[in-house]
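Chemist: Quick one, what's the 3D model for this:
(chains A and B)
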Protein chains: 2
Amino acid sequence: MSIPLAPHPLTPSSLSTTEDVRLGSPLLRRQFVFYTNWRKGRRGRGASCGISCSAEARTVVIGLAADSGCGKSTFMRRLTSVFGGAAEPPRGGNPESNTLLSDTTTVICLDDYHLLDREGRKEEGVTALDPRANNFDLMYEQVKALKAGVAVEKPIYNHVTGLLDPPELILPPNLLFIEGLHPMFDPRVRDLLDFSIYLDISDEVKFAWKTQRDVEERGHSLESIQASIEARKPDFDAYVDPQKQYADVVIEVLPTQLIPGDNERKVLRVRMVMKEGVKYFNPVYLFDEGSSVSWIPCGRKLSCSYPGIKFFYGPDTYFSHEVSALEMDGQFDRLDELMYVESHLNNLSTKYYGEATEQMLKHGDFPGSNNGTGLFQTIIGLKIRELYECIVAEKSVTPLEAAKVF
Amino acid sequence: MSIPLAPHPLTPSSLSTTEDVRLGSPLLRRQFVFYTNWRKGRRGRGASCGISCSAEARTVVIGLAADSGCGKSTFMRRLTSVFGGAAEPPRGGNPESNTLLSDTTTVICLDDYHLLDREGRKEEGVTALDPRANNFDLMYEQVKALKAGVAVEKPIYNHVTGLLDPPELILPPNLLFIEGLHPMFDPRVRDLLDFSIYLDISDEVKFAWKTQRDVEERGHSLESIQASIEARKPDFDAYVDPQKQYADVVIEVLPTQLIPGDNERKVLRVRMVMKEGVKYFNPVYLFDEGSSVSWIPCGRKLSCSYPGIKFFYGPDTYFSHEVSALEMDGQFDRLDELMYVESHLNNLSTKYYGEATEQMLKHGDFPGSNNGTGLFQTIIGLKIRELYECIVAEKSVTPLEAAKVF
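Modeler: Numbers count the residues shown, from 1 in each chain, chains lettered A, B, ... in the order given. Reported below is the predicted structural model:
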């Protein structure tokens, strides 16, 4: 299945346009790609990641797709944490910037490529999920520029005001994460991704999460939440959901199967679907690679409280791709459970024994730290670090050196 | 639950009796224990099993309980095969002897302790399953004597004539296997066992096996087979089945769960229930000791034909005992499947990689060689060899030497 895309009536035909492409609104600021061969200026920085970077080194780009309010930012904080140092908004810039910077990583939010601001979308009758509300040409050009080591002036979508604020300078990092609704929608952007992730929250869990936030914290009614989910659904299904077929990893968040008739949705079953044959990405496995295994670690050596923990691992197909799936149902109550599980998973890409557990503990206050969302997000962080290091190492090895090694 | 036993009206009050204890039949021969300190005469033989046997070494006794026609003799041939050399009937003796001898093992059939011959049972209206038809006092005295290194003159029950034939001399072997309907029925005999096994064939499978043999090979009717099974059932349930609670290992042979609605019973699900805490017996496990694991080895590395193979391993309780269960559903089609499975099982007590597979191949023509019955029988053979060697090693270590080792 393929997603219909350009040509699109609302897509600007020229990229580095200085014209106001916002239809009927005075709010869209002028946007342009700010070309600088920034990469040359930071050649020496590669050493800080422990790898010798040659002039060929480039920014590695990772895409994360998911609906709003589904924990993308927590995911991003876990991912960037693996690379060391906290990710923070740019200093001295727009306080409503959606960007997060650390020594080696930059996270940009694709909402910044909204073509229409909140009012504009209302006028045009399109949602933020609709490709017509987003500037894929600019997204493509800027991600391409960053990947090539060129800094850009990226627009900012102000989530508070719903307006498009003046652009901010984004320098090409070692790792660029692009997170949002459509990182894999446009084939040109998709082709720029070195690795892609889709966070797939089941309707039941999405409803429970939104209910918790909007009813308990904001006083909305159950009906209004249901209506809001229903209203988003057609565009979500048409433009966001189909991207999962392109993802290298999909994290599915599902209702538990450990508690019959559970409606609380506090205990989750989380399934990590890992595409086979992705360069520098070896799927995690349980006990025996390529077999189907279910595992309840709670037994004689590990005693868990109700409802316990259950893992599943096995080969599968996903949109005609060969994949491996790793599933965790239930939650961790204690540290020893997490350690026990880590010690039995293979291909975790940790650098030392217990590193995954250490990462989980470091962010024990993040949502999902006691279940499969936190565990799999952490694992993906470790896998991306390995992928990054392999890409960099590959780039820095000359053909002569390669011949010596192999 | 306990089984009521002695005093019993038909049990002879004296063991080494020279009187005819057969009630109303001229067929019972005089039976006696033939006391010789045989052990001393074979002291040097211990070296042939690779272990230095001291004067304290004694015969290790293993009990195997199961109904007739349930593959006990195949099981015995697999067990003794692990100790090397073929097990054969005594040379130059009664051609209807039920005994099997090899260099290091002796298998005696407990039918030889029938107190009543076929006609006698008919007269008394008791089945061979009934304790009243069996001489437990003699069984106890003779097993005790053999265990202490003393030869005995054991009676012979002639399965062809249904008569009790003159006794045969049994010398104390390194390993004595006692197989039959009641090895764990009498608490005195049970206490003599160093290890015990119960072969538990489900009614569905038993019916299918008897049907195959008696209808297809002997021309009996389905109704007569059903009637014969029904007739045996009350005594079987009363006197044979309860022994399984005392067994160190139970092998359950069950209908497959891989083929919905299967009535052929060609594909079997076999479950090995292993008691925890048995000295020198470490239960086999899959991947993670003490956890619950299901495993379908057929996947990317191993392709199996329909209906495939499925393993299960996990802790359980069995008659209030803590046990570990290992289950295999399905069958092996090719050698590589067997090798693959062997390589993933732990605590197999093999002496070299592939020994279990080699043992299976050696007897590829035995019934059950392609399923869990053959696999688990072979594994039990390997476990018993280890148990035997540990017992012998323990006996041959003096307290001073022991203090040095530990």
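Chemist: near chain B, which residues of chain A show up?
Modeler: Counting by Cβ under 8 Å from any Cβ of the partner chain, chain A comes close to chain B at A:287-302, A:314-315, A:344. All C-beta atoms are positioned from the backbone trio N, CA, C, and that covers glycine.
Chemist: Can you select the buried ones from those in ChimeraX?
Modeler: Buried members of the residues of chain A next to chain B, identified by 16 or more other Cβ atoms under 10 Å in any protein chain shown, are gathered into one ChimeraX selection as follows:
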select /A:287,288,289,290,291,292,293,294,295,296,297,298,299,302,314,315
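Chemist: what helix or strand is A:Gly314 on?
Modeler: According to DSSP states H and E, A:Gly314 maps onto strand A:309-318.
Chemist: repeat for A:Arg385
Modeler: helix A:372-396.
Chemist: Show me what that helix packs onto, helices and strands only.
Modeler: Using 3 or more Cβ pairs under 8 Å, 6 or more residues apart in numbering or on different chains; DSSP states H and E, the elements in contact with helix A:372-396 are strand A:60-65, helix A:72-82, strand A:195-201, strand A:249-255, strand A:268-275, strand A:321-330, helix A:355-362.
Chemist: Just want the angle from it to helix A:355-362.
Modeler: Orientation note: helix A:372-396 sits at an angle of 120 degrees relative to helix A:355-362 (axes from the mean of the first three to the mean of the last three Cα atoms, to 10 degrees).
Chemist: Run the chain-centre distance for helix A:372-396.
Modeler: Here helix A:372-396 is found 12 Å from its chain centre; the criterion is Cα atoms, centre = their mean, to the nearest Å.
Chemist: Can you tell me which of the residues of chain A next to chain B end up in strands?
Modeler: Members of the residues of chain A next to chain B lying in strands (criterion: DSSP state E): A:292-296, A:314-315.
Chemist: In TSV, list those residues along with pLDDT.
Modeler: As requested, those are exported to TSV (pLDDT from 0 to 100):
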residue	pLDDT
A:Ser292	96
A:Val293	97
A:Ser294	97
A:Trp295	97
A:Ile296	96
A:Gly314	97
A:Pro315	96
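Chemist: now for these, which pair is the farthest apart?
Modeler: The most widely separated members of those, counting by Cβ to Cβ, are A:Ile296 and A:Pro315 (20.5 Å).
Chemist: Return the distance of the closest residue to chain B within the stretch 301-406 of chain A relative to A:Val293.
Modeler: As assessed by Cβ to the nearest Cβ, chain B sits closest to A:Lys301 within the stretch 301-406 of chain A, at 4.4 Å. According to Cβ to Cβ, to the nearest Å, A:Lys301 stands 17 Å off from A:Val293.
Chemist: And A:Phe207, by the same measure?
Modeler: From A:Phe207 to A:Val293 the distance is 31 Å (Cβ to Cβ).
Chemist: One more: A:Gly69?
Modeler: For A:Gly69, the distance to A:Val293 equals 34 Å [Cβ to Cβ].
Chemist: again, but for A:Asp248
Modeler: 22 Å.
Chemist: that older thread, which residue is the nearest non-sequential neighbour of the residue of the stretch 301-406 of chain A closest to chain B?
Modeler: Leaving out its chain neighbours, the residue that sits closest to A:Lys301 by Cβ to Cβ, 6 or more residues apart in numbering or on different chains is B:Gly290, at 4.4 Å.
Chemist: same thing with A:Lys210?
Modeler: Excluding its sequence neighbours, the residue lying closest to A:Lys210 (Cβ to Cβ, 6+ apart) is A:Ile225, at 5.2 Å.
Chemist: Might one say that the one you found is in contact with A:Lys206?
Modeler: No: using Cβ atoms under 8 Å, A:Ile225 is not in contact with A:Lys206, being 10.0 Å away.
Chemist: contacting residues around the nearest residue to A:Arg78 once chain neighbours are set aside?
Modeler: Distances taken as Cβ to Cβ, 6+ apart put A:Gln377 closest to A:Arg78, at 4.4 Å, once the chain neighbours are dropped. By Cβ atoms under 8 Å, 6 or more residues apart in numbering or on different chains, the contact list for A:Gln377 reads A:74-75, A:78-79, A:251, A:368.
Chemist: repeat that for 10 Å
Modeler: Counting by Cβ atoms under 10 Å, 6 or more residues apart in numbering or on different chains, A:Gln377 makes contact with A:64, A:71, A:74-79, A:81-82, A:197, A:199, A:251, A:270, A:272, A:359-360, A:363, A:366, A:368-369.
Chemist: Please report phi then psi for A:Phe287.
Modeler: phi 70, psi -60 (degrees, to the nearest 10).
Chemist: same thing with A:Ser202?
Modeler: Dihedral pair for A:Ser202: phi -70, psi 150, per degrees, to the nearest 10.
Chemist: ok, now how distant is the residue lying closest to it once chain neighbours are set aside from A:Pro242?
Modeler: Nearest residue to A:Ser202 in three dimensions, chain neighbours excluded: A:Leu254, at 4.9 Å (Cβ to Cβ, 6+ apart). According to Cβ to Cβ, A:Leu254 stands 19 Å off from A:Pro242.
Chemist: Make TSV from the helices and strands packed on helix A:372-396 and add mean neighbour count to it.
Modeler: As requested, the helices and strands packed on helix A:372-396 are exported to TSV (neighbours: other Cβ atoms under 10 Å in any protein chain shown):
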stretch	mean neighbour count
strand A:60-65	25
helix A:72-82	22
strand A:195-201	24
strand A:249-255	23
strand A:268-275	23
strand A:321-330	21
helix A:355-362	18
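Chemist: least reliable of those going by mean pLDDT?
Modeler: Per-stretch mean pLDDT for these is lowest at helix A:72-82 (a mean of 88).
Chemist: Moving C-terminal from that helix, which element do we reach first?
Modeler: Immediately after helix A:72-82, counting by DSSP H and E, sits strand A:100-101.
Chemist: Would you mind extracting the C-alpha trace of the helix or strand that that following strand is followed by into CSV?
Modeler: Downstream of strand A:100-101, the next assigned helix or strand under DSSP H and E is strand A:105-109. Once non-C-alpha atoms are left out, strand A:105-109 reads as follows in CSV (Å, rounded to 0.1, in the frame of the first residue of the first chain):
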residue,chain,number,x,y,z
THR,A,105,22.1,15.0,19.6
THR,A,106,19.4,17.4,18.3
VAL,A,107,15.7,16.6,18.5
ILE,A,108,13.5,18.6,16.2
CYS,A,109,9.7,18.4,16.3
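Chemist: other SSEs contacting strand A:105-109?
Modeler: strand A:60-65, helix A:72-82, strand A:100-101, helix A:136-147, strand A:152-157, strand A:164-170, strand A:175-180 (3 or more Cβ pairs under 10 Å, 6 or more residues apart in numbering or on different chains; DSSP states H and E).
Chemist: Dump the ones you listed into a markdown table; add distance to B:Tyr157 as well.
Modeler: A markdown table is the format used below for the helices and strands packed on strand A:105-109 (distance: least, Cβ to Cβ, whole Å):
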| stretch | distance to B:Tyr157 |
| --- | --- |
| strand A:60-65 | 77 |
| helix A:72-82 | 73 |
| strand A:100-101 | 85 |
| helix A:136-147 | 86 |
| strand A:152-157 | 92 |
| strand A:164-170 | 92 |
| strand A:175-180 | 80 |
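Chemist: which residues of the stretch 251-400 of chain A score low on pLDDT?
Modeler: Residues of the stretch 251-400 of chain A meeting the criterion pLDDT under 70: A:397-400.
Chemist: Isn't A:Cys298 up against B:Gly290?
Modeler: Yes: counting by Cβ atoms under 10 Å, A:Cys298 touches B:Gly290, with 9.4 Å between them.
Chemist: what's the closest non-adjacent residue to the most centrally placed residue in chain A?
Modeler: Centroid-nearest residue in chain A, with Cα atoms, centre = their mean: A:Leu64, separated by 2.5 Å. Distances taken as Cβ to Cβ, 6+ apart put A:Glu179 closest to A:Leu64, at 4.2 Å, once the chain neighbours are dropped.
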